[in-house]
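*Asks:* from the sequence below, what's the structure:
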Amino acid sequence: MGLQPAVVFPCHDPDGVLLLRLESILPQLRALFASAFMSVTESTVVAQSQSLARLQNDAFLSVNVTPHDTPIGVQFYNLYRRAANSCPVNQVLHLCFPDRLVYALLGPHRETFCADMRAVMDTPLLFQRSAAAWATHPRNYYVAENLLTQLGEMILGRSLDFSWCHLALTAQQLKEILPYLKAHDLAILCEMVLALRQSLRMCDVDWLAWEDPLILGRELEQLKCERELSAAETRKRLAYVEPMLKVLFDFARQLEEER
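*Replies:* As a prediction, the model looks like this:
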């Protein structure tokens, strides 16, 4: 039996909806992972002190609090650095997000997700949304994020999910790419894919279907329609896609200069 992997995720949940779901899946997480590394925003701690106290007292979880003014890219970087430096170099780390974990373990794809977690051998491995998974998402989500995939394919010749939801790699592999991560926003996800591009493997999965209906207790088609008609929701998607596009353009320019 090899070394059991660890799971690593940030959490911002002042309303406490996600934390309650997260607590409910802890037994399943313990069955899949040796430990969990979690960063929590200060506003979440203030608003959900009781839930956080329970999580902080759980030996399975290593929880740290990020100050409210910490940029999201810096939050991610600090979390990933802490996990990489705390684990054996050959331990596989699953970098993901708590809402996606909740959906994977409480939704219709639980058995496939668990099998995929146990089957990870060769890393780095990027789990990408399959066509079936994307079909569950609002159209504006897909259109915005697919801009990245199309541009990346023009640059690298590969279809990659630059705004990824689940990435498996060893602690050593994570340590090696940390110096290349500079973004203070969600473009750090794009930087990670680019840093790993030469060895990165991909696997399309259905368990990365849209998680919000399950998390919020809403009917999928109704919520999907609301989000597709929401200009604010479209602006939200474009707000994190725009800096990722810049990272890709800058990378393409760098490749041209090196030729």
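*Asks:* show me where the chain has helices.
*Replies:* 17-24, 26-32, 42-47, 49-56, 72-86, 98-106, 110-119, 131-136, 139-156, 171-177, 187-196, 212-216, 220-228, 231-258 (DSSP state H).
*Asks:* can you tell me which of these has the worst average pLDDT?
*Replies:* Mean pLDDT is lowest for helix 49-56 out of those, coming in at a mean of 90.
*Asks:* what helices or strands is that one leaning on?
*Replies:* For helix 49-56, the elements it packs on are helix 17-24, strand 61-66, judged by 3 or more Cβ pairs under 8 Å, 6 or more residues apart in numbering; DSSP states H and E. C-betas here are computed from N, CA, C, even on glycine.
*Asks:* just checking, what packs against the first one?
*Replies:* Helix 17-24 is packed against strand 6-11, helix 49-56, helix 98-106, helix 212-216, with contacts defined by 3+ Cβ pairs under 8 Å, 6+ apart.
*Asks:* residue 258: which of the ones you listed is closest?
*Replies:* Each of these has some distance to residue 258 by Cβ to Cβ; the shortest is strand 6-11, at 32.3 Å.
*Asks:* now the angle from that closest one to helix 110-119?
*Replies:* 120 degrees (axes from the mean of the first three to the mean of the last three Cα atoms, to 10 degrees).
*Asks:* which residues are contacting strand 6-11?
*Replies:* Applying Cβ atoms under 8 Å, 6 or more residues apart in numbering, the contact partners of strand 6-11 are 18-19, 22, 29, 32-41, 44, 72, 75-76, 79-80, 83, 87, 91-98, 101.
*Asks:* quick one, which of those are buried?
*Replies:* 18-19, 22, 29, 32-33, 35-41, 44, 72, 75-76, 79-80, 83, 87, 91-98, 101 (16 or more other Cβ atoms under 10 Å).
*Asks:* as CSV, could you dump the C-alpha coordinates of stretch 76-89?
*Replies:* Backbone C-alpha positions of stretch 76-89 (Å, rounded to 0.1, in the frame of the first residue of the first chain) are rendered in CSV as follows:
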residue,chain,number,x,y,z
PHE,A,76,-3.6,30.1,-2.8
TYR,A,77,0.2,30.4,-3.0
ASN,A,78,0.5,30.3,0.8
LEU,A,79,-1.8,27.3,1.1
TYR,A,80,0.1,25.4,-1.6
ARG,A,81,3.5,26.3,-0.2
ARG,A,82,2.4,25.1,3.3
ALA,A,83,1.1,21.8,2.0
ALA,A,84,4.2,21.2,-0.2
ASN,A,85,6.6,21.9,2.7
SER,A,86,4.5,19.8,5.2
CYS,A,87,4.3,16.6,3.1
PRO,A,88,6.9,13.9,2.0
VAL,A,89,8.2,14.8,-1.5
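*Asks:* what's the distance between that stretch and the middle of its chain?
*Replies:* Mean C-alpha position of stretch 76-89 versus that of the full chain (Cα atoms, centre = their mean, to the nearest Å) differs by 15 Å.
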